[in-house]
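[1] what's the 3D shape of this:
(2 chains)
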Protein chains: 2
Amino acid sequence: MPGTTTTGQASIMDVSVDCVIFGFDEQKLKVLIIDQKQMVKSMPVAHLQSALPGDLVRQEESFDHAAQRVLKELTNLSGIYLKQFHAFGDPYRVRMKKDQEWLNALRENPERRVVTIGYYSLVNMVDYKPKASSFAGKARWVDVYEIPSMAFDHNQIVDKALDMLRHELIADNIGFELLPEKFTLSQLQHLYEIVLDKKMDKRNFRKNVLKMENLQPLDEKQKGVLHKPAQLYQYQRKK
Amino acid sequence: MPGTTTTGQASIMDVSVDCVIFGFDEQKLKVLIIDQKQMVKSMPVAHLQSALPGDLVRQEESFDHAAQRVLKELTNLSGIYLKQFHAFGDPYRVRMKKDQEWLNALRENPERRVVTIGYYSLVNMVDYKPKASSFAGKARWVDVYEIPSMAFDHNQIVDKALDMLRHELIADNIGFELLPEKFTLSQLQHLYEIVLDKKMDKRNFRKNVLKMENLQPLDEKQKGVLHKPAQLYQYQRKK
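    You can find the predicted model right below:
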């Protein structure tokens, strides 16, 4: 066949999407996971695992569409802005023993290499109540620092998404999306501490944060609190 | 077959990598492209196109490895840090008429959907002299604002990489990698203007840039210039 010496080596792969949905409820940072459901009687329940919401991309489907579809099918969540963040291509990522029974039961070609495209989002958790369906037995928020061992390389996918979340928190100030419109510097510091997983010095934090051009003090203080009411701020989003 | 009602729909895709190597030579921002070589006599030379250095990932190969291998095979460049930046999955991205002859000549399955993983890098161009081989007839630096129409969706891939480069220039200060260790603020402004493709006001630029904690004025001025020598600065990279 012409040209096959230089390119075009046969390689067959499936392509999937996996969604990492981070949720913040003003106290904790969580991530949305599903529990696999027993799809065939022959599969021992003990072999079921937790996993990220994810599935194969269809033959004529875009990645963005697949991510929205799969998230909806498994958790009933929709209307969430999902951002592609990384493609995971370890040739052996679905070949671990722990995952074989599940793949054998569900996939037409369980031995095939699967490349997955990771999507992520950061939402205010209280607005989203997941409801499991399809091959998800449960869909639930778990603390990002207490995630169980999951199927495939899904723990690594969360780790990578968390790296990116932390980077964007610092570089792009995405954290303000998760706060109420008017917030105190303590609320802001708590958010940073939870996402970055470290305690911060209050004075230094305030000094640094007050340098931000888009952070504006308001002519208002907290109401209905027992302690001394704190100054409120708002964040002016750039156009 | 069990489970195929809920998942595992057959889909067959090839996976490739494409490399966007940006080069800066202290004057202009360029990108490395190849010109396709006539691989079979039957292919009219008029149908050959320019393209990014890219090719299929092998069956048992990681993406990172494939990106380094393909760049080396086509342009002889190696030792460049390549960062994965986006996966391109439009189901029709290799199905345009302009690309069919090339695919028919080179690929075992020219009609198959190809998903590509984009890699990018930013280098000081003077250190890298590309040399074409394999199916590349030429490998050359072109001005990023004068890129010819390329094969597949490669112009869109460059656009996306350029978006990311601009974002990282602003959010992560990656531009300093391209300047000499000691530089003037005029050199820094020129870099920003070239990458962002806009003129900037000198006073505003300096005011903003001097707020950067890691930018330090040196006890030195330019030497060997005809105009009044300017103050030199250096950038303290964070650990």
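
[2] rest of the way, CA atoms for contacts and neighbours
    Will do.

[3] The closest residue in space to residue A:122 that isn't next to it in sequence: how many residues sit nearby?
    The shortest distance from residue A:122 to any non-neighbouring residue, by Cα to Cα, 6 or more residues apart in numbering or on different chains, is to residue A:22 (4.7 Å). By the criterion of other Cα atoms under 10 Å in any protein chain shown, residue A:22 has 24 neighbours.

[4] next one: the one 10 residues further on
    Summarising burial for residue A:32: neighbours were counted as other Cα under 10 Å, giving 22.

[5] Could you tell me which residues make contact with it?
    Contact partners of residue A:32, counting by Cα atoms under 8 Å, 6 or more residues apart in numbering or on different chains, are A:20, A:21, A:22, A:23, A:52, A:53, A:139, A:140, A:141, A:142.

[6] what would the residues you listed look like in CSV with pLDDT?
    Below are those laid out as CSV (pLDDT from 0 to 100):
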residue, pLDDT
A:20, 98
A:21, 97
A:22, 96
A:23, 93
A:52, 98
A:53, 98
A:139, 97
A:140, 97
A:141, 97
A:142, 97
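
[7] So which of these sit within strands?
    A:20, A:21, A:22, A:23, A:139, A:140, A:141, A:142 (DSSP state E).

[8] quick one: the fifth one and residue A:35 touch, right?
    Yes. With contact defined as Cα atoms under 8 Å, residue A:139 counts as touching residue A:35 (6.5 Å).

[9] Looking at the two, which is more packed in?
    Neighbour count, other Cα under 10 Å: between residue A:139 and residue A:35, residue A:139 has more, with 23 against 20.

[10] distance of the more buried one from chain B?
    In this view, residue A:139 and chain B are 16 Å apart by Cα to the nearest Cα, to the nearest Å.

[11] Return the residues in contact with the closest residue to that residue other than its chain neighbours.
    Excluding the flanking residues, the one nearest residue A:139 by Cα to Cα, 6+ apart is residue A:34, at 4.2 Å. Residue A:34 makes contact with A:50, A:51, A:52, A:53, A:74, A:75, A:132, A:136, A:137, A:138, A:139, A:140 under the criterion Cα under 8 Å, 6+ apart.

[12] Mind splitting chain A into its structural domains?
    Under the assignment automatic domain parsing, the domains of chain A span A:13-156, A:179-235.

[13] Ends of the last one, what's the gap?
    Across domain A:179-235, the terminal residues are separated by 10 Å (Cα to Cα, to the nearest Å).

[14] Can you select the buried ones among the contacts of residue A:34 for me in ChimeraX?
    In ChimeraX syntax, the buried subset of the contacts of residue A:34 is picked out as below (16 or more other Cα atoms under 10 Å in any protein chain shown):
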select /A:50,51,52,53,74,75,132,136,137,138,139
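
[15] Take the contacts of residue A:34 and keep only those in helices.
    Using DSSP state H, the members of those that fall in helices are A:74, A:75.

[16] could I get the contacts of residue A:34 as JSON lines with distance to residue A:84?
    Formatted as JSON lines, the contacts of residue A:34 follow (distance: Cα to Cα, whole Å):
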{"residue": "A:50", "distance to residue A:84": "22"}
{"residue": "A:51", "distance to residue A:84": "18"}
{"residue": "A:52", "distance to residue A:84": "15"}
{"residue": "A:53", "distance to residue A:84": "14"}
{"residue": "A:74", "distance to residue A:84": "18"}
{"residue": "A:75", "distance to residue A:84": "19"}
{"residue": "A:132", "distance to residue A:84": "23"}
{"residue": "A:136", "distance to residue A:84": "22"}
{"residue": "A:137", "distance to residue A:84": "26"}
{"residue": "A:138", "distance to residue A:84": "24"}
{"residue": "A:139", "distance to residue A:84": "21"}
{"residue": "A:140", "distance to residue A:84": "22"}
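
[17] about what we covered before: hang on, the residue nearest to residue A:139 in a strand?
    Yes. Under DSSP: H, G, I helix; E, B strand; the rest coil, residue A:34 sits within a strand.

[18] Bridged to the residue nearest to residue A:122, which residues?
    With DSSP bridges as the criterion, residue A:22 is bridged to residue A:31, residue A:122.

[19] From chain B, how far off is it?
    According to Cα to the nearest Cα, residue A:22 and chain B sit 20 Å apart.

[20] How much space separates that residue from residue A:52?
    Counting by Cα to Cα - residue A:22 and residue A:52 are separated by 11 Å.

[21] Repeat that for residue A:17.
    Remark: distance between residue A:17 and residue A:52 (Cα to Cα) = 10 Å.

[22] Skip ahead from whichever strand or helix holds residue A:163 and say which helix or strand is next.
    Using DSSP states H and E, residue A:163 sits within helix A:154-172. For helix A:154-172, the following helix or strand on the C-terminal side (DSSP H and E) is helix A:185-196.

[23] Who are the packing partners of the strand or helix carrying residue A:115?
    Secondary structure assignment for residue A:115, by DSSP H and E: strand A:113-124. Using 3 or more Cα pairs under 8 Å, 6 or more residues apart in numbering or on different chains; DSSP states H and E as the contact test, the elements touching strand A:113-124 are strand A:13-24, strand A:83-88.
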